[in-house]
Structure formats: structure tokens, C-alpha cells
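K.L.:
Provided below for reference: sequence and predicted model.
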Amino acid sequence: MDFSAVILAAGTSGRMGIPKILLRFNENHNFTEHLCTSFNTSDCRKIVLVVNTEGAELIRTKNFSLPQKTEVVVNNHTDYGRFYSLQFGLKKCDPTLPVFFTNIDNPFIEEEILTNLLPNINDADYICPSFNNKGGHPVLISPTIISDILTQDDNTLDLKTFLKKYRRKNIEFENCKILANINTREDYDRWIGLNLS
């Protein structure tokens, strides 16, 4: 099933101390490169990477290795929050296709997760992977939700609250990494463990 992906990476990374888009995932890729590569399956039509102005400059100057279907877009209103960033990214996607979205602070996207979530998109308005009944990322949203997000004029909406009015289906995985939220160096050490210095 065809889909698009939006990666939310426009935050300031204040608690981490360095931009999260630069964090090393392994010896070959940073978080950004790994996420984009993970979404780059045969069914993925487009990957939209939403960054701030600093992030865009880093991608340009650091020669990131990104799939050809990746489009980098700059959110100049990072103070508006995640809802606005997602809305901004969705404007670049085909509105007739479901979209996965995830935050840059969870780089653990695996093809197995994508292929297990996608077939469920007709069962609810959005599909979440879960571990021990707790929802994680990536979240798969339907064209219905995409259309509603694109028509909102309120830039202050909270994404989590907005989604509560829609039908949700959880798909349980035996993979705690879907819950990762890497915001500090301590989080990084716990989940990744590479030397940041």
C-alpha cells in the first residue's frame, strides 16, 4: 500500500545540547539519515523532513545522505508546536494517501512496523504501534485526518488532543523502542550508547 512519511525535526533540541538531526544512530548514519532510509521502501511515495532554519543549513553543509524522494521543508514558526509542523509537512504530501509521522527523537523505525501497521488503515482513522498498551511511533494517519489537519487555521492546537476525537487502533509489538523519546544525553546513552563528544 502506498504511503508518505513526515518526520518532525523542527525543535530546538535545547535539552540535548546539540541538534537531534545530527545525533549518531550508528557508525554510518545520523538519526535523520536512518529515519529517512527506514521509510524509503518501495511503497513510500515521499518523505517530508520538517526542520528549522538551523537544521536546513546543517543538512546543506554536512552533506547528509538522504533518499532521493526526501523533501526538506523549513518551519519558520517552531514556537507553534508539533501540530503546525505536521500540518506544514502534510501540505507536501499526496492527500489521498495515508501518512506515517514520527518525531526525530525516536529513530527506531523498522520496515516490520510499517508493514504491520499499513494493512489496518481502513479499520480506524489512525493506527498506533503499542508496547504494553502504551502508544508509540510512528503513527499512521488516514486521508480523513490529513484533510481535517490541513483545513485548521488554529496554529496553537495540541496534536495529541486533536487526535482524540478520531477512531484509533493500536497494534501491539514486542518492541519497547517504539516508545523511545530521546531528549537528553541521558536518554541517548540509554537507547543508543554511542559517544557524543
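P.N.:
Nice, thanks for sending it over. Numbers count the residues shown, from 1 in each chain.

K.L.:
For the rest of this, base every contact and every neighbour count on C-alpha atoms.
P.N.:
Will do.

K.L.:
Contact partners for Ile146?
P.N.:
Ile146 is in contact with 90, 95, counting by Cα atoms under 8 Å, 6 or more residues apart in numbering.

K.L.:
State the distance from it to Phe101.
P.N.:
Ile146 sits 11 Å away from Phe101 when distances are taken as Cα to Cα, to the nearest Å.

K.L.:
Check Cys93 too.
P.N.:
From Cys93 to Phe101 the distance is 12 Å (Cα to Cα).

K.L.:
same check, this time on Leu150
P.N.:
15 Å.

K.L.:
so where's the chain uncertain?
P.N.:
195-197 (pLDDT under 70).

K.L.:
now do 90
P.N.:
11-18, 27, 42, 63, 78-81, 155-156, 193-197 (pLDDT under 90).

K.L.:
Where do the helices of it begin and end?
P.N.:
Using DSSP state H, the helices of the chain run over 31-39, 53-61, 82-90, 111-117, 143-150, 159-163, 185-191.

K.L.:
Looking at the ones you listed, which is nearest to Gln68?
P.N.:
helix 31-39 (9.9 Å; Cα to Cα).

K.L.:
Pull the residues that contact the closest one.
P.N.:
Contacts with helix 31-39, where a contact means Cα under 8 Å, 6+ apart, come from 5, 7, 20-25, 47, 64-67, 70, 104-105, 107-111.
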